Structures are given as structure tokens and as C-alpha cells.
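K.L.:
please work out how this folds:
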Amino acid sequence: MSAARVGVVTFPGTLDDQDAARAVRLAGAEAVPLWHAERDLKGVDAVFLPGGFSYGDYLRCGAISRFAPLMEEIVPAARAGLPVLGTCNGFQILCEAHLLPGALTRNQGLHYVCRDQRIRVENADTAWTAEFERGQEIVLPVKHGEGRYVADAETIEALESEGRVVFRYAGGNPNGSLNDIAGITSEAGNVVGLMPHPEHAVEELTGAPSVDGRGFFTSILKNLVNA
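P.N.:
Numbers count the residues shown, from 1 in each chain. Now for the predicted structure:
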């Protein structure tokens, strides 16, 4: 069986795409570069939207990126079941594209936050979290100025009752996200967005706080093999 192919999306201002591609390769998959201005998903088995500052974060984080030609391909593919992961700016883009509910707003303290963060796994049944255990605490870097997750009360209630909160901040909330929400998933469980960066926690050589991020990429490989 040939290696799974995971597309890594690059927008103007994306800065974590090379880290994302390396994380994909370390897990044993093929990283396929996807350029925002193209309309070709190149037959990938999954898509990763990494972090950065797409279009300089003008207007609102992810607000311009959602209209990119590539997103016009990703949105219907995701709704049809394609596994998609968005981290940091990628999470913001997924919310702006309405693949995930809610929005990411300015941190509560109005300061950029960059630190190693403990998060708790709340849902280990998604395409990207199957290698974790529910209740497991992992450590991933966070680095953002607009990571406060917000949504109306009805949406928050639905996320909680349906088990769609995938990650929750532990040991302190870095941005004021409602209910300490660090990451969520779609109803089908194939789309996951979170503010922390798993792609920066995959190998000890880089001085990462852990290698806990590997679980995201081994999870998607397992999901694709068993699909």
C-alpha cells in the first residue's frame, strides 16, 4: 500500500507549513504542498491547514483566506468526509469557512501569548485524535494573539452535549476561551480545529516541550488505513 497523502496548505503569510510537512513525513505519510490560489487538491487523502498570519490577518483572522480558490475545493470535500485539521490560523480559517462553528477573537488580556500549554483530550474518537485517550493531558506550544474561542450559548451547549469539544485547556486558560475550549470538531468528526500547535511537538531535537503532537499524525494515518 502506498503512503497516505496529506495536503499541507500554504497561504500568503503562512509560516508553519514546513513544520507541518515535516510532521506528516515523520509519521510516515507523504506531505503534498497545496497552494491557496490553485483549485486542485491533487487527490490527497487528508488536508492540514497550518498556522501563520494569512493575508497579514487583515480584516479578521481567516476572513480573506476563506474565499481562496483552494478553499472552494476544501469546503465541499470536507463536508463529504475528507479529514481536515486546522491549527491556530488554520482553526480560524475553518471557523470563517463555516466548517466549524464559532469564532476566534482577541485574547482576553489583549496580549500575544507564546508558551507551552497543557491541554486535556476530551474526545478521542475523531479522525485526528484516535491515538489519544480521553482524559489524557498533553503539552503543546501555543502562540497567538487571537485565540479566544467564542460562540453563542446555543452553540456552546450543542458542542458540549454532543461531545464535540476535543481539547480543553488545563493548568490555566491562556486566552479566555469560553469553557476553556482549545479545540473542537465537526458533527462528523472529520474536521478538527485547535489553537495549540501539534506540528511543533513531534521531535525532541527541536527543543519541543514534548512529542505529544505525533499523535495527531499517527491518528490520521490509522484512520486512513482503516477507512
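K.L.:
please identify the helix or strand for the nearest residue to residue 218 once chain neighbours are set aside.
P.N.:
Distances taken as C-beta to C-beta, 6 or more residues apart in numbering place residue 131 nearest to residue 218, at 4.9 Å, with adjacent residues excluded. In short, each C-beta sits where N, CA and C put it, glycine included. Assigned by DSSP states H and E, residue 131 belongs to no helix or strand.
K.L.:
tell me the pLDDT of residue 131.
P.N.:
We have a pLDDT of 96 for residue 131.
K.L.:
ok, now how distant is it from residue 191?
P.N.:
18 Å (C-beta to C-beta, to the nearest Å).
K.L.:
what do you get for residue 226?
P.N.:
Counting by C-beta to C-beta, the separation of residue 226 from residue 191 is 18 Å.
K.L.:
the two: which has the busier surroundings?
P.N.:
For residue 226 versus residue 191, neighbours defined as other C-beta atoms under 10 Å are more numerous around residue 191 (27 against 7).
K.L.:
who does that one bridge with?
P.N.:
residue 84 (DSSP bridges).
K.L.:
helices or strands up against the helix ranked longest in the chain?
P.N.:
Of all the segments of type helix in the chain, defined by DSSP state H, the longest one is helix 214-226. Other helices and strands packing on helix 214-226, by 3 or more C-beta pairs under 8 Å, 6 or more residues apart in numbering; DSSP states H and E, are helix 17-26.
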